[in-house]
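K.L.:
Structure for this input, please:
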Amino acid sequence: MANKIITAKDVEKAEKQIKELQIPYEYDTKEYPIEVLLHKFKSDDPESSTIVIPGYQRDFIWKDKEKARFIESLLLGVPIQPLFAAVIDEDGSLELIDGSQRLRTIDAFMHDEFKLSALKKLSDLNGLKFSDFIQARKNKFSLISLRVHVITEKASLSIRQDIFDRINTSGQAAKDSEVRKGAHSGKFYNFVIECANNPLFNKLCPISTQAKKRGEAEELILRYFTYSTYGTERKERGRKILDMFLIDQNEKGFNKATKKKEFLDMLKFIQDNFPMGFRKNPNSNSTPRVRFEALSLGAHFALKTNPNLKVTSLEWLNSKEFDEVTTSDASNNQGRLSKRVHFVKDCLLNKIKINTLSYETN
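P.N.:
Okay, the predicted model is just below:
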């Protein structure tokens, strides 16, 4: 197909197909206060509801943290993506095509089915239920309007299902690194980006073009700085500890010269002692996170112990033990992170003797 020559006939055929399959999605955009939406929804009396959730919708899967964040957005006045519904010709009810998680979250909150938790902006609300609010706030919450795109009864079941599929599968969910770039940008994140553009880093740590576009280089470097600063034993893990570190550095400030020197010293050490850099194989065009963490942080902590460290052997890279701690993805598992970092550190410091390790025999 890549080498196919497109003719005028092909273009005409394509245009014809668009016209044949194009569906006139006629819809109205309506604004409903929350109290009206819930009256139509009536989760406590579904038989009399005029807003119904179809069988092709997902179950109510949001966790309390996700529910609380959505409620926080409503209270803050953050613009909310419109709900999508379609008029059912048989009885005139509205079939909710998209938005069931949001509507059910509002309904559950107003029925005291969960407490607000893990809120960052409205932190004083953590632990509160809807019934804990003063009456004026309850009234104001009930009057918050949500936009609903209502598609006419001309949309058949297959069309409604197609709309649901396209809304929920179009594009790719933002990765944590992409969210941080928008939510936690600042001086430290700019420094992380600067490090990601370092020529030596890019030489030693190959990353695919697609992964680079989605912030993988910044993710690796943020992980390096987070754990080199906090250590590998803290109870926080995954996205939480990375966000916490990034926010802390942005707000409290950091010594750029010191951070940069530590980073460059680590890269220079890898360049001088590891012929393949962070690669697993000579021709690798990508770098596994667990391998980067193991080598970069292991080298960092080994250099902290002995700044004049000289590597005597890299045979341990071929051991079953190293393979075991760097094969499992579990990049957010603190126990495994600590284990692989300390393994590399101890091997570099010669605390683990290569003849005590296991190797594959041919």
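
K.L.:
how far away is residue 229 from residue 156?
P.N.:
57 Å (C-beta to C-beta, to the nearest Å). The way it works is simple: take the backbone N, C-alpha and C, and place the C-beta from them, glycine included.

K.L.:
so how many other residues sit close to residue 140?
P.N.:
Applying other C-beta atoms under 10 Å, we find 12 residues neighbouring residue 140.

K.L.:
in the stretch 51-200 of the chain, which spans are strands?
P.N.:
Along the stretch 51-200 of the chain, counting by DSSP state E, counting those that start in this stretch, strands occupy 51-52, 83-87, 94-98, 145-151.

K.L.:
Rebuild the ones you listed as CSV, extending it with distance to residue 186 and mean pLDDT.
P.N.:
As requested, those are exported to CSV (distance: least, C-beta to C-beta, whole Å; pLDDT from 0 to 100):
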stretch, distance to residue 186, mean pLDDT
strand 51-52, 42, 86
strand 83-87, 34, 88
strand 94-98, 34, 87
strand 145-151, 32, 90
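
K.L.:
right, and the ones you listed - which one's nearest residue 284?
P.N.:
Of all the strands of the stretch 51-200 of the chain, strand 94-98 sits nearest to residue 284, with 40.8 Å by C-beta to C-beta.

K.L.:
Let's see the closest one as CSV, backbone CA atoms only.
P.N.:
Provided in CSV are the C-alpha atoms of strand 94-98 (Å, rounded to 0.1, in the frame of the first residue of the first chain):
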residue,chain,number,x,y,z
LEU,A,94,-32.2,9.5,27.0
GLU,A,95,-29.6,6.7,26.6
LEU,A,96,-26.3,7.9,28.1
ILE,A,97,-23.7,7.2,25.5
ASP,A,98,-20.8,8.8,27.3
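
K.L.:
Show me what it is packed against.
P.N.:
Applying 3 or more C-beta pairs under 8 Å, 6 or more residues apart in numbering; DSSP states H and E, one finds that strand 94-98 contacts strand 51-52, strand 83-87, strand 145-151, helix 157-169.

K.L.:
List the contacts of the first one.
P.N.:
Yep, that's strand 51-52 we're talking about. 37, 40, 41, 46, 85, 88, 93, 94, 95, 96, 103 (C-beta atoms under 8 Å, 6 or more residues apart in numbering).

K.L.:
Repeat the analysis, applying 6 Å as the threshold.
P.N.:
Identification of contacts with strand 51-52 by C-beta atoms under 6 Å, 6 or more residues apart in numbering yields 40, 41, 93, 94, 95, 96.

K.L.:
so where's the stretch 1-150 of the chain uncertain?
P.N.:
Within the stretch 1-150 of the chain, the segments meeting pLDDT under 70 span 1-2, 23-25, 46, 56-58.

K.L.:
re earlier: can you lay out the contacts of strand 51-52 as a markdown table showing distance to residue 351?
P.N.:
Listed next are the contacts of strand 51-52 as a markdown table, based on distance: C-beta to C-beta, whole Å:
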| residue | distance to residue 351 |
| --- | --- |
| 40 | 68 |
| 41 | 63 |
| 93 | 70 |
| 94 | 67 |
| 95 | 65 |
| 96 | 61 |
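
K.L.:
Closest one to residue 137 out of the residues you listed, please.
P.N.:
residue 41 (21.4 Å).

K.L.:
ok, that closest one to residue 55 distance?
P.N.:
From residue 41 to residue 55 the distance is 17 Å (C-beta to C-beta).

K.L.:
that older thread, so can I have JSON lines of the strands of the stretch 51-200 of the chain showing mean neighbour count?
P.N.:
JSON lines is the format used below for the strands of the stretch 51-200 of the chain (neighbours: other C-beta atoms under 10 Å):
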{"stretch": "strand 51-52", "mean neighbour count": "22"}
{"stretch": "strand 83-87", "mean neighbour count": "22"}
{"stretch": "strand 94-98", "mean neighbour count": "22"}
{"stretch": "strand 145-151", "mean neighbour count": "18"}
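
K.L.:
Good, wrapping up.
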